[in-house]
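Student: Sequence and predicted structure, then a few things I'm wondering about:
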Amino acid sequence: MSTRGSEHLILNVLLGALLSLGLLSLYSCSESEFKQIPAIETLEKRPSAVVPPSPTPKSTPVPGTPPGPLALSFAPAYKTQKLSLQAGKVDLMVVVDVSTSMPQVLNNLTSNINDFITLATQNKFQLRLGGISFVDRVINTLPLTQDAQSFQTFVRRLNVVDDGNIDLPEASLTSIEAAIAELAKVSNEEQMRAVYLITDNTGHVGGPNGNRDCAVERTANLINSSPASVQKGLRLFYSVPANNDGGSNVGCRKEFKNPVEQMESLLNISLPTLAREKRGGSLGWPVNSNTMQAQFFDFLKSVQVQENFVCLGENISLIDANGQELLTQRLELGEVYLHQKNGTSYPLSISKSRDEVLAAVQSKAKAQLETCCLLEEKAAQGDFSSCSMKETKEIELQQPE
């Protein structure tokens, strides 16, 4: 046998012996020992499996609604009736004749004023009071003041004035005009404005002495055009006798039978758009202990002038359930009024995501409309320059179909 053949034989014998020993070792192992035999790793490991990332959940589109900005609409305006005068707020000018025939009336007026102020204060009225005294001309003027004591002092110091005036009538119309001018200086649209005339005779404008006119047209025109008459907020009250012929209205262009006829003539052509019974009227004659605290005060409590307003949206906000503002948008009053007039909804373009806004609208989000309320006749004339009042109202947004 050659040397190479011997080597192959020896190797085969050795491999057979080693294989036999290995199998015997495995056979002799217990079950627990067999399990503890480590696995033999291959030189090349198998690559681990790659787990793909979870897909991002997609929002389910609402049928019929394209992606992108969401269009909502809403009712941009509404009509309402409001009191044009706030209860309890009054500007009052008391216009008093201090001619020589008036001493008893002045005494009664002093106690009346004190009782009236006490009653008004107890009922939480907010008063501004002023006064004018006159004979044949304006004697003294107290501008409107919130200081009740100043007004009480003015009334207490009213005394008859003998200025040599012995003719009739007196300057009551001139004094009413002066009172209107005082009201126009400080009054605003929330106040009820009132003039209370107390005289025992007919009145004139012009004078003293010649060039006097007892006609009421000039005074009525001033009342109708004055800023004090804005929103029909002026009232004219009077205490005058019905049985005084005014000395036949000496030197006057127009004659009246008595002072009541003259004042009623003035009221009939003043504030023509306001119902006659709401323009003021007589508080009776003579001025007695209950004229002001009873008749005048009761009138103040009962004044409720209902007027028609249209409230136009000028700003809209969408607030989510957490109080966060999702959007706010200014609106143009003229455009809003046209939508209200035509009965159409106002389109609102929203740059927020469609899903975000829809979710807010469908949850507890609040849509708030800030409005500018105007008299209907002003809005119809295209006058949106000033609001009579402002309101904030929750509204419903209309979702797209």
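Tutor: That came through fine.
Student: Was I right to think Phe297 contacts Ile117?
Tutor: No: here Phe297 lies out of contact with Ile117, judged by Cβ atoms under 8 Å, at a distance of 10.3 Å. No exception for glycine: its C-beta is placed from N, CA and C like everyone else's.
Student: Run through the strands of the stretch 301-401 of the chain in chain order.
Tutor: Along the stretch 301-401 of the chain, counting by DSSP state E, counting those that start in this stretch, strands occupy 306-319, 325-330, 346-350, 366-375, 389-395.
Student: can you check the chain too?
Tutor: Along the chain, counting by DSSP state E, strands occupy 70-74, 77-83, 89-97, 126-134, 138-145, 192-198, 234-239, 280-282, 306-319, 325-330, 346-350, 366-375, 389-395.
Student: Parallel or antiparallel, list what pairs with the shortest one.
Tutor: Here the strand partners of strand 280-282, with direction, are listed using DSSP bridges: strand 234-239 (parallel).
Student: Reformat the strands of the chain into TSV and put distance to Glu170 next to each item.
Tutor: Output for the strands of the chain, formatted as TSV (distance: least, Cβ to Cβ, whole Å):
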stretch	distance to Glu170
strand 70-74	61
strand 77-83	36
strand 89-97	6
strand 126-134	6
strand 138-145	11
strand 192-198	11
strand 234-239	13
strand 280-282	18
strand 306-319	36
strand 325-330	56
strand 346-350	59
strand 366-375	38
strand 389-395	41
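Student: And these, which one averages the lowest pLDDT?
Tutor: Within those, the stretch with the lowest mean pLDDT is strand 70-74, showing a mean of 63.
Student: Just list whatever residues bridge to the closest residue in space to Arg330 that isn't next to it in sequence.
Tutor: Among residues not flanking Arg330 along the chain, Asn315 sits closest, at 5.6 Å (Cβ to Cβ, 6 or more residues apart in numbering). With DSSP bridges as the criterion, Asn315 is bridged to Arg330, Glu370.
Student: So Asn315 sits against Leu327, correct?
Tutor: No: using Cβ under 8 Å, Asn315 makes no contact with Leu327, being 11.0 Å away.
Student: Pull up the overlap in contacts between the two.
Tutor: Counting by Cβ atoms under 8 Å, 6 or more residues apart in numbering, Asn315 and Leu327 have no shared contacts at all.
Student: among the helices and strands of this structure, which one scores worst on average pLDDT?
Tutor: When each helix and strand of the chain is scored by mean pLDDT, DSSP states H and E, helix 31-35 comes last, with a mean of 44.
Student: Make a markdown table out of the strands of the chain and add mean neighbour count and distance to Leu106.
Tutor: Supplementary listing: these in a markdown table, determined by neighbours: other Cβ atoms under 10 Å; distance: least, Cβ to Cβ, whole Å:
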| stretch | mean neighbour count | distance to Leu106 |
| --- | --- | --- |
| strand 70-74 | 18 | 61 |
| strand 77-83 | 15 | 35 |
| strand 89-97 | 24 | 7 |
| strand 126-134 | 23 | 9 |
| strand 138-145 | 17 | 13 |
| strand 192-198 | 25 | 9 |
| strand 234-239 | 25 | 12 |
| strand 280-282 | 18 | 19 |
| strand 306-319 | 19 | 38 |
| strand 325-330 | 13 | 57 |
| strand 346-350 | 16 | 61 |
| strand 366-375 | 20 | 41 |
| strand 389-395 | 13 | 41 |
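Student: To Met292, which of the ones you listed lies closest?
Tutor: Within the strands of the chain, the stretch nearest Met292 is strand 192-198; the backing value is 8.1 Å (Cβ to Cβ).
Student: now the angle between strand 138-145 and the closest one, please.
Tutor: 150 degrees (axes from the mean of the first three to the mean of the last three Cα atoms, to 10 degrees).
Student: residues in contact with the residue lying closest to Leu222 once chain neighbours are set aside?
Tutor: Take Leu222 and drop its neighbours on the chain: the residue closest to it by Cβ to Cβ, 6+ apart is Glu177, 5.4 Å away. Glu177 sits next to 205, 218-219, 222 when contact means Cβ under 8 Å, 6+ apart.
Student: separation between Glu177 and Glu217?
Tutor: 12 Å (Cβ to Cβ, to the nearest Å).
Student: so how many other residues sit close to the closest residue to Pro241 other than its chain neighbours?
Tutor: In space, and not counting its chain neighbours, Pro241 is closest to Trp285: 4.8 Å by Cβ to Cβ, 6+ apart. By other Cβ atoms under 10 Å, the residues close to Trp285 number 20.
Student: Before I go, just wanted to say thanks for your time.
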